[in-house]
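Colleague: Model the following, please.
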Amino acid sequence: RMETDCNPVELPNNMGFEEDSDYRDFEGTDVKDMRLEAEAVVNDVLFAVSNMFVSKTLPCAEDVAYINVETRERNRYCLELTEAGLRVVGYDFDQTDDRLQTPYHETVYSLLDSLSPAYREVFGNALLQRLEALKKESQS
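Modeller: Residues are numbered from 1 along each chain as shown. A predicted model of the protein is given here:
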């Protein structure tokens, strides 16, 4: 039997981290987080589109960032990134149209998959190459 120097302390279940805690001070950091999230989205799929970048014209806020994308078919879109996901909000860089009622996509992959057959092909080929490389690694 192993001996310990200290006794484990029972923590109450109602520690209240959600509502009235000191963690509220971190809310202001969300602005950077949505922009960082947008940058991560761009870095993930840039190889499979013609051009993609976080908008410097449209405002980033705590809960929203905008991404411009040009597909390999040369179609341009302005995407909105929120907690709800990604959706098309305009049909050119830095353009938003409040009348557009486009569906949200949980991932940039499913959104681009629905917009660009060329994206689907490039992304699929990249996956196949990665799988082939993994297969060779495991055989050696």
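
Colleague: Once you drop chain neighbours, what's closest to the residue most central in space within the chain?
Modeller: Taking CA atoms, centre = their mean, the centroid of the chain lies closest to Val41, which sits 4.3 Å from it. Distances taken as CB to CB, 6 or more residues apart in numbering place Val108 nearest to Val41, at 4.8 Å, with adjacent residues excluded. (Each C-beta comes from the backbone N, C-alpha and C, glycine too.)

Colleague: now Arg72
Modeller: That would be Ala118: by CB to CB, 6+ apart, it lies 3.6 Å from Arg72.

Colleague: For the one you found, give its distance to Asp97.
Modeller: Plainly put, Ala118 is 24 Å away from Asp97 if you go by CB to CB, to the nearest Å.

Colleague: got it, and Val89?
Modeller: 7 Å.

Colleague: between these two, who's got more neighbours?
Modeller: Taking neighbours as other CB atoms under 10 Å, Val89 and Asp97 compare with Val89 leading, 18 against 13.

Colleague: what residues are up against the more buried one?
Modeller: 66, 78-80, 96-97, 100, 102 (CB atoms under 8 Å, 6 or more residues apart in numbering).

Colleague: Among the residues you listed, which one sits closest to Val45?
Modeller: Here the nearest of these to Val45, counting by CB to CB, is Leu79; it sits at 11.1 Å.

Colleague: How about the contacts made by Arg72?
Modeller: Taking CB under 8 Å, 6+ apart as the contact definition, Arg72 lies against 48-50, 116, 118-119, 122.
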